[in-house]
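Novice: pasted the sequence and its predicted model underneath.
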There are 2 protein chains.
Amino acid sequence: MAEAKNVFYAQSGGVTAVINASACAVIETARRHPDKTANVYAGRNGIIGALTEDLIDTGQESPAAIAALRHTPSGAFGSCRYKLKGLQENRAEYERLIAVFKAHNIGYFFYNGGGDSADTCHKVSQLSAQWGFPIQTIHIPKTIDNDLPVTDNCPGFGSVAKYIAISVREASYDVAAMAKTSTKVFIIEVMGRHAGWIAAAGGLAADRDNDIPVVILFPEIPFDQERFLAKVRECVARYDYCSVVVSEGARWPDGRFLAEQGTTDAFGHAQLGGAAPLVANLIKQGLGYKYHWAVADYLQRAARHIASKTDVEQAYALGKAAVELALAGESAIMPIIVRTSDNPYRWEIGQADLADVANAEKFMPGEFISDDGFGITPACRTYLEPLIRGEDYPPYRDGMPEYVRLLNAPVAKKIPAGFELRR
Amino acid sequence: MAEAKNVFYAQSGGVTAVINASACAVIETARRHPDKTANVYAGRNGIIGALTEDLIDTGQESPAAIAALRHTPSGAFGSCRYKLKGLQENRAEYERLIAVFKAHNIGYFFYNGGGDSADTCHKVSQLSAQWGFPIQTIHIPKTIDNDLPVTDNCPGFGSVAKYIAISVREASYDVAAMAKTSTKVFIIEVMGRHAGWIAAAGGLAADRDNDIPVVILFPEIPFDQERFLAKVRECVARYDYCSVVVSEGARWPDGRFLAEQGTTDAFGHAQLGGAAPLVANLIKQGLGYKYHWAVADYLQRAARHIASKTDVEQAYALGKAAVELALAGESAIMPIIVRTSDNPYRWEIGQADLADVANAEKFMPGEFISDDGFGITPACRTYLEPLIRGEDYPPYRDGMPEYVRLLNAPVAKKIPAGFELRR
């Protein structure tokens, strides 16, 4: 029987409410197979931890601490924004990775992230194929942007979608009550980069029992100022108020982001770089309505307090599947979510080749956006609803959620330092 | 035995996550005393509903719908920002109120709001004393700003405080994970007008198990840019990241709000009117750190999904006490929260004369702000902690909270229209 190898696990890119649930699953699953996996070493700050030999010994964490990762947001081991170059462009990085992996007897490489991370993972897998270095590489998907191809959805997205849907519903109730003498339009800016998935979730604020006017500005639809203002005016005429969800990736017809417009706000100041205040200003100038605006920013992706149960379960299942697939001999793949039924919602774990995942983005399909470009269709609702289903509350003490801070004890270094990260 | 009179109830000013819990209590308590209170008529959009004879017949709402108000945010009957002038300044408004109250046999006036509403309530009480019109007036406190005098705290505040404390903790976990290669400072702008109570709640993000650097900018402390930047630099040097909570009411030493500065953002644009982007810009220019900023706006006061259980219970208790005090013959008063013990936390209902409440603001006392002006003291923590204690989750269906929309059926008008509201 082969000697047990150590596991390398790291988190990459923007963190989420549930990426630690995947970490929890990797460590718990590896611990159940001590014959094949010795210890799990986490990279401190993603791949940087591997390059700098800054490894965390998760073996020193108690089972309770690891279990608590399931309900703790953010990245427990630190994340990074650092993309490996191609094998030929920066040979030194790959040589360094091999040196560190060899020194610490690492046989499994699990990288937990989005599109850029899948690319990094794919390149590491080439170490094995092209350089003959034995390491199994599995990418564990994570991105609130929900823009990875092949998988039905991405862990992290369901919880952001739930947070945005609830927040838009709550704020809409608020503005509806204020509209008679005060605020008539509420605008919220949401994340999602070039894809409108998170913005679409704002549409779930309305349903058959909540006839709420929600106008959505998707990155996929070039912004038409005149039609937008007409739509808002129409909503206010009918409902006396209106809620607007604007994606950070919404663009003018010439391709510039909304926030790049350089127009002035209601006080005559040039705009600052947020899409929400820009849209607020257009409404004030064009329609004269009193407005309020919010920018949820990190709050939306860190909101573990109202995470989607479906999302938590899938994040855990993908981490678990990653280890099991590796133990079954797989490499250069990513476990994915496969939807087998909408109603009742059913899903299972599948797998994709990393070559098919890296550096591709999945946008909102046309049939998910209403004809006027400002809303979601029933098909989109059918897709989104199961992803926000269920609550998975963290434990509380004295009114505050009890999130875990790990010891994050370093693994003793075994090779000389001297490796310089690219800036 | 006296004839049962009708009850007038209305909501005023900015709405909250728990003002409907007070409405629930008023209606449920009145329904238990049909011998003394006939029906509860709600003013549509606060006092405006009384002035325009736009009354809502709550008798048409089912017990289940009224019970659901307890877990529904915002103002179910609509709110307003409309302050009555003095009796001598606008006699027509008071004559109109008397005409409407007489026409609908209203003997009880419950106004649910903050400082301005207490003033309106006080003036209506003078109708009774000075003009001999028999009506009992009770003010039910509500304000997220927590700035009413006499009462230990104000319904609505505890839930905002909980939301901000949790949000700052969650976002701090997030930025801590990103700090190595990306964002080092997270800034959140919070409400509270001229008082720093909500900003102070951001300090609860840190505790003995969460050593989080939180720098708070209070309205009570003139902004000292140099000392602030030194504080942020110190935090980043020690923790590698920093969270900043800035009150919308924070001011420059000359008294202007931070947002009035007219400085430019990181892109060279003049600032827009938000304190968070202004502070982000100062940090970028002064220290060079990458930042993220959020403006929670309505999200914080509408966040019924994570309301404080203490807050919900107190909002309900105050609405119930208001009716019971009126039935006991009281008038021109406001039921209040009296804290009788910090640990264990105990409170009871007391009462205050409206004359002592109207038009007064309560600010953060000096002993609640740390010596450097950027944090909260143990005494402040002792005050705040019980107010955010306990969770009181609303029911969910398909991943979304089930908030109630009432029928809000109008009461038939009995007197001629023709009254014009002041603009």
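Specialist: Yep, it's here. Numbering: from 1, shown residues only, chains lettered A, B, ... in the order given.
Novice: those strands in chain A, which residues are they?
Specialist: Listed in chain order, the strands of chain A (DSSP state E) span residues A:5-11, A:37-43, A:55-57, A:106-113, A:136-141, A:185-190, A:214-217, A:242-247, A:291-295, A:333-341, A:346-353, A:396-397, A:400-401.
Novice: of the ones you listed, which is nearest chain B?
Specialist: For these, proximity to chain B was assessed by CB to the nearest CB; strand A:291-295 is nearest, at 3.8 Å. Using the backbone N, CA and C atoms, a C-beta is placed for each residue, glycine as well.
Novice: that closest one and chain B, are they touching?
Specialist: Yes. Judged by CB under 8 Å from any CB of the partner chain, strand A:291-295 comes into contact with chain B at A:292-295.
Novice: out of those, which comes closest to residue A:51?
Specialist: For the residues of strand A:291-295 next to chain B, the residue nearest residue A:51 by CB to CB is residue A:295; the value is 33.9 Å.
Novice: looking at it, the closest one is touching residue A:189, isn't it?
Specialist: Yes. Between residue A:295 and residue A:189 a contact is recorded at 4.6 Å, counting by CB atoms under 8 Å.
Novice: and the lowest mean pLDDT element among the helices and strands of chain A?
Specialist: Here the helix or strand of chain A ranked lowest by mean pLDDT, DSSP states H and E is helix A:115-131, holding a mean of 85.
Novice: what's that helix in contact with?
Specialist: Outside of helix A:115-131, the residues that reach it under the criterion CB atoms under 8 Å, 6 or more residues apart in numbering or on different chains are A:12-13, A:46-47, A:81, A:83-84, A:86-87, A:94, A:97-98, A:109, A:111, A:113, A:133-139, A:141-143, A:147-148, A:331-332, A:334, A:354-355, A:357-361.
Novice: that helix vs strand A:333-341, what angle?
Specialist: For helix A:115-131 against strand A:333-341, the angle by axes from the mean of the first three to the mean of the last three CA atoms, to 10 degrees is 130 degrees.
Novice: just the buried positions in helix A:115-131, please.
Specialist: Across helix A:115-131, burial judged by 16 or more other CB atoms under 10 Å in any protein chain shown covers A:115-128.
Novice: circling back to that earlier point, ok, of the contacts of helix A:115-131, which come out buried?
Specialist: Among the contacts of helix A:115-131, those buried by neighbour count (16+ other CB under 10 Å) are A:12-13, A:46-47, A:81, A:84, A:94, A:97-98, A:109, A:111, A:113, A:135-139, A:141-143, A:147-148, A:331-332, A:334, A:354, A:357-358.
Novice: chain B next: which of those residues are close?
Specialist: Among those, chain B is touched by residue A:81 when using CB under 8 Å from any CB.
Novice: where does the stretch 101-250 of chain A dip in pLDDT?
Specialist: Along the stretch 101-250 of chain A, segments meeting pLDDT under 70 are nowhere present.
Novice: close to chain B: what parts of it are there?
Specialist: Near chain B, when you scan the stretch 101-250 of chain A using CB under 8 Å from any CB, you find A:162, A:165-167, A:169-171, A:173-182, A:186, A:188, A:204, A:207, A:209-210.
Novice: which among these end up buried?
Specialist: The neighbour-count criterion (16+ other CB under 10 Å) marks A:162, A:165-167, A:169-171, A:173-182, A:186, A:188, A:204, A:207, A:210 among these as buried.
Novice: for stretch A:379-394, C-alpha coordinates in CSV please.
Specialist: As requested, C-alpha coordinates have been extracted for stretch A:379-394 and formatted as CSV (Å, rounded to 0.1, in the frame of the first residue of the first chain):
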residue,chain,number,x,y,z
ALA,A,379,-37.5,30.7,-16.1
CYS,A,380,-34.9,32.8,-14.2
ARG,A,381,-37.0,32.5,-11.0
THR,A,382,-37.2,28.8,-11.5
TYR,A,383,-33.5,28.7,-11.7
LEU,A,384,-32.8,31.0,-8.7
GLU,A,385,-35.4,30.0,-6.1
PRO,A,386,-33.9,26.6,-5.0
LEU,A,387,-30.5,28.2,-4.6
ILE,A,388,-31.7,30.6,-1.8
ARG,A,389,-33.9,28.0,-0.1
GLY,A,390,-33.5,27.2,3.6
GLU,A,391,-31.8,29.0,6.5
ASP,A,392,-28.7,27.7,8.2
TYR,A,393,-28.2,30.0,11.2
PRO,A,394,-24.9,30.1,13.0
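Novice: give me the buried positions along it.
Specialist: Along stretch A:379-394, these residues count as buried under the neighbour rule (16+ other CB under 10 Å): A:380, A:383-392, A:394.
Novice: likewise for stretch A:277-285?
Specialist: By neighbour count, and taking 16+ other CB under 10 Å as the criterion, the buried residues in stretch A:277-285 are A:277-284.
Novice: those also near chain B: which ones?
Specialist: Near chain B, by the rule CB under 8 Å from any CB, you find residue A:277 out of the buried residues of stretch A:277-285.
Novice: nearest to chain B, of the buried residues of stretch A:277-285?
Specialist: Set against chain B, the nearest of the buried residues of stretch A:277-285 by CB to the nearest CB is residue A:277 (4.9 Å).
Novice: and that closest one, how close does it get to residue A:292?
Specialist: Remark: distance between residue A:277 and residue A:292 (CB to CB, to the nearest Å) = 11 Å.
Novice: what do you get for residue A:83?
Specialist: 38 Å.
Novice: need the longest helix for chain A.
Specialist: Longest helix in chain A by number of residues, with DSSP state H as the criterion: helix A:157-178.
Novice: now do that helix and strand A:291-295, the angle between them.
Specialist: Following the same axes, to 10 degrees, one obtains 160 degrees for the angle between helix A:157-178 and strand A:291-295.
Novice: mind checking how far helix A:157-178 is from the chain centre?
Specialist: 19 Å (CA atoms, centre = their mean, to the nearest Å).
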